[in-house]
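# sequence first, then the predicted structure:
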Amino acid sequence: HMEQQQAAFGKQQEKIAHLQKFIDRFKAKASKAKQAQSRVKALERMEKVAPLLAEADFTFEFKEPGNIPNPMLSISNASFGYRMEDAAPRTILRGVNRSVLAGQRIGILGANGQGKSTLVKTIAREMGAIAGTVTEGKGLNIGYFAQQELDVLRPQDTPLEHMVRMARDLGAAAKEPTGEQALRGFLGSFNFNGDMVKQAVGTMSGGEKARLVLAMMVWQRPNLLLLDEPTNHLDLATREALAMALNEFEGTLMLVSHDRALLRSVCDEFWMVGRGAVTDFDGDLDDYQRYLLDEAKRQREEAKEAVRKTASDAAAPAIAIPAPAPAPVAPLQVPTVERTEASAGAGRDQRRLGAQERQQRAEQEKPLKREIARIDERLSAIGTEKAGLEQRLAQRLPAAEIADVGKRLKALAAEVERLEERWLALSDQLETLAA
């Protein structure tokens, strides 16, 4: 038993040393750019929880890709979107001019429905460009991981059959041993042990399927990873393992994710997909949060404007029939005020009305502002607690205590995410009231 423990400890130390080497290498390279700085911070966080991750029940790594072309690909004057059976194509992104260079780590940002997946799918060759060209570097080998990839799995086949078929399809191009024993061993490293390699994929959970797709992707030793919301189906252990593996990946990475912690820890630069274009995003992820808020507000305004326009178009009849004057819509339920004949009286009433509206709005805003203040207070308390815990991790602690501290840190991170979401929703409501 002692030997086992020693071996486990040795393996853990080796893993920590590996991580440390990676962190040092990255820090030496990191420029002063805002994103790189936030990635250094993320790596420092990883450094603190390294002992924990080293205890994780599951880790994997991307093997070093063979050759890495540079540029990996160039996109010029391209339009991306959907081709329709019997109609003109629906263009979502226009005028795309971008190159992807060896070793870039790009986070792809943008509000929902703005074309992030369209961009990734086109690069992944799942869709063709509608106009322009996408030129691939010689020897480009893409690993694509997305929600719909789980549908590519054959429900009646087993993980081993999937691996055997893939090895056969790749033939001489395969970079890994293709014998059944080797494939079983490889699946074992992704936690497909014993009978699981012979279990029909259709009976597996979403998380297990995602892990199989991940395994198949890693086996092909890609040099460009395209990941579209990769963590949606993954359990916590696989998610952490993925973040670690991506951090050590030597190739090029393009990642679409709503998981800010993941973006922060694996990307050096960001592209913004929005309003029909792909541009550089120079801020960090906090700036991005504010951008999303503004974008949501802009879309609400546009929707309101469209409704108003439709209403006014509908109100203008083709023939000049005197239309009944539309009743003014009061934004809030305000007691109606008797109009006096004197215009001075009318002005006074108007002011009183305005004051009543303001008072009512203030009443509605009060609970929202109170809750925002409470959230701010809690976030600052969490910050203090986290700093204390991370300081404790820096000391030599017994393993059990490290695990406890790690669990608490994880719980706090989850709470922060929840509070931030709530904070955003409340700010949204406040903005709507003020509009």
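Thanks, I have the structure now. These numbers come from a predicted model, not from an experiment.

# any idea what the nearest residue to M84 once chain neighbours are set aside is bridged to?
The shortest distance from M84 to any non-neighbouring residue, by C-beta to C-beta, 6 or more residues apart in numbering, is to R90 (6.3 Å). To be clear about C-beta, it is placed using only N, CA and C from the backbone, and glycine gets the same treatment. Note on R90: beta-bridge partners Y82, judged by DSSP bridges.

# which residue packs closest to K410, ignoring adjacent ones?
For K410, the spatially nearest residue (C-beta to C-beta, 6+ apart) is L236, at 7.8 Å.

# A245 too?
E61 (5.1 Å).

# please, which helix or strand holds that neighbour?
Using DSSP states H and E, E61 maps to neither a helix nor a strand.

# now the strands for this protein?
In the chain, the strands defined using DSSP state E lie at 73-82, 90-100, 105-109, 131-136, 142-145, 224-228, 252-256, 269-274, 277-281.

# closest to R298 out of the ones you listed?
Relative to R298, the nearest member of the strands of the chain by C-beta to C-beta is strand 269-274, separated by 10.2 Å.

# coming back round to it: export the strands of the chain to JSON lines and tack on distance to G388 and mean pLDDT?
JSON lines is the format used below for the strands of the chain (distance: least, C-beta to C-beta, whole Å; pLDDT from 0 to 100):
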{"stretch": "strand 73-82", "distance to G388": "46", "mean pLDDT": "90"}
{"stretch": "strand 90-100", "distance to G388": "42", "mean pLDDT": "89"}
{"stretch": "strand 105-109", "distance to G388": "30", "mean pLDDT": "91"}
{"stretch": "strand 131-136", "distance to G388": "50", "mean pLDDT": "88"}
{"stretch": "strand 142-145", "distance to G388": "37", "mean pLDDT": "89"}
{"stretch": "strand 224-228", "distance to G388": "34", "mean pLDDT": "92"}
{"stretch": "strand 252-256", "distance to G388": "32", "mean pLDDT": "92"}
{"stretch": "strand 269-274", "distance to G388": "32", "mean pLDDT": "89"}
{"stretch": "strand 277-281", "distance to G388": "34", "mean pLDDT": "89"}
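
# could you give the number of residues near the residue nearest to M84?
Residue crowding around R90 was assessed by other C-beta atoms under 10 Å; the count is 11.

# same check, this time on T122
23.

# residue ranges in the stretch 201-350 of the chain under the pLDDT threshold?
314-350 (pLDDT under 70).

# tell me the spacing between G388 and A261.
20 Å (C-beta to C-beta, to the nearest Å).

# who's more crowded, these two?
A261 (17 against 10).

# that one against A413, yeah?
Yes - contact criterion C-beta atoms under 8 Å: A261 and A413 qualify, at 6.9 Å.

# residue boundaries of the helices in this protein?
Assigned by DSSP state H, the helices in the chain fall at 2-29, 34-54, 116-123, 159-170, 180-188, 206-219, 236-248, 260-266, 285-315, 343-394, 399-434.

# just the buried positions in the fifth one, please.
Think helix 180-188. 183-184, 186-187 (16 or more other C-beta atoms under 10 Å).
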